[in-house]
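*Asks:* Next come a sequence and a model predicted from it.
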Amino acid sequence: MDAELHAAVSADTWAALMDAARAARLQAHAPYSRFLVGAAVLDEHGRLHAGCNVENAAYPQGVCAEAGALSAMVLAGGRRLQAVVVLGDAGGALVTPCGGCRQKLREFGAADLPILIADPQRALARFTLDDLLPHSFGPDHLDLGTTP
């Protein structure tokens, strides 16, 4: 991995995130699209959390892999993302987070959050959250100390 991607994330941690995303992908429930996706996130405590896509016959009711990993992180007490891996197989094309998941990642991640996009064999691309969601709106924009 590139050292400049995120100095706080070691090569071993990136490898563990890849392994977790790869294993999660194999558990996906995708009987309609047959498009399996796994994701893994690293929280501020150094813990890894994984998720897979879960489709539903009522198509818009499915859950993306990133959302599943974020839910697992929150359930375990994590609140800040340190790194993300999204892993899918689109024949060499990048499987990046959808728009909704980019915003979900923004809820827990800073602009410089490193996001690795991979297929089952290897890393394909590296982005920051700001690369994928420039000029984003997030929790830091809300002044919860004032009343309208």
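*Replies:* Ah, there it is.
*Asks:* where along this protein do the helices fall?
*Replies:* With helices called from DSSP state H, the chain shows them at 11-25, 65-75, 99-108, 129-132.
*Asks:* Show me which positions of the second one end up buried.
*Replies:* The neighbour-count criterion (16 or more other Cβ atoms under 10 Å) identifies 65, 66, 67, 68, 69, 70, 72, 73 as the buried residues of helix 65-75. In this view, the C-beta of every residue, glycine as well, is placed from N, C-alpha and C.
*Asks:* tell me the angle of that helix relative to helix 11-25?
*Replies:* Here helix 65-75 runs at 110 degrees with respect to helix 11-25, directions being taken by axes from the mean of the first three to the mean of the last three Cα atoms, to 10 degrees.
*Asks:* Keeping just the C-alphas, turn helix 65-75 into CSV.
*Replies:* What follows is helix 65-75 as a C-alpha-only set of coordinates in CSV (Å, rounded to 0.1, in the frame of the first residue of the first chain):
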residue,chain,number,x,y,z
ALA,A,65,-22.1,-3.7,2.3
GLU,A,66,-20.7,-0.4,3.6
ALA,A,67,-23.9,0.3,5.5
GLY,A,68,-23.7,-3.2,7.1
ALA,A,69,-20.1,-2.6,8.1
LEU,A,70,-21.0,0.8,9.6
SER,A,71,-23.8,-0.7,11.6
ALA,A,72,-21.5,-3.4,13.0
MET,A,73,-19.0,-0.6,14.0
VAL,A,74,-21.7,1.5,15.7
LEU,A,75,-23.1,-1.6,17.5
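*Asks:* Just give me how far it sits from the chain centre.
*Replies:* Taking the mean of its C-alpha atoms, helix 65-75 sits 9 Å from the chain's own mean (Cα atoms, centre = their mean, to the nearest Å).
*Asks:* Show me what it is packed against.
*Replies:* Packing contacts for helix 65-75, counted by 3 or more Cβ pairs under 8 Å, 6 or more residues apart in numbering; DSSP states H and E, involve helix 11-25, strand 37-43, strand 48-52, strand 81-88, helix 99-108.
*Asks:* now the first one against strand 37-43, angle please.
*Replies:* Put simply, helix 11-25 runs at 140 degrees to strand 37-43, going by the same axes, to 10 degrees.
*Asks:* Of all the residues in helix 11-25, which ones are buried?
*Replies:* Under 16+ other Cβ under 10 Å, the buried positions of helix 11-25 are 13, 14, 17, 18, 19, 20, 21, 22, 24, 25.
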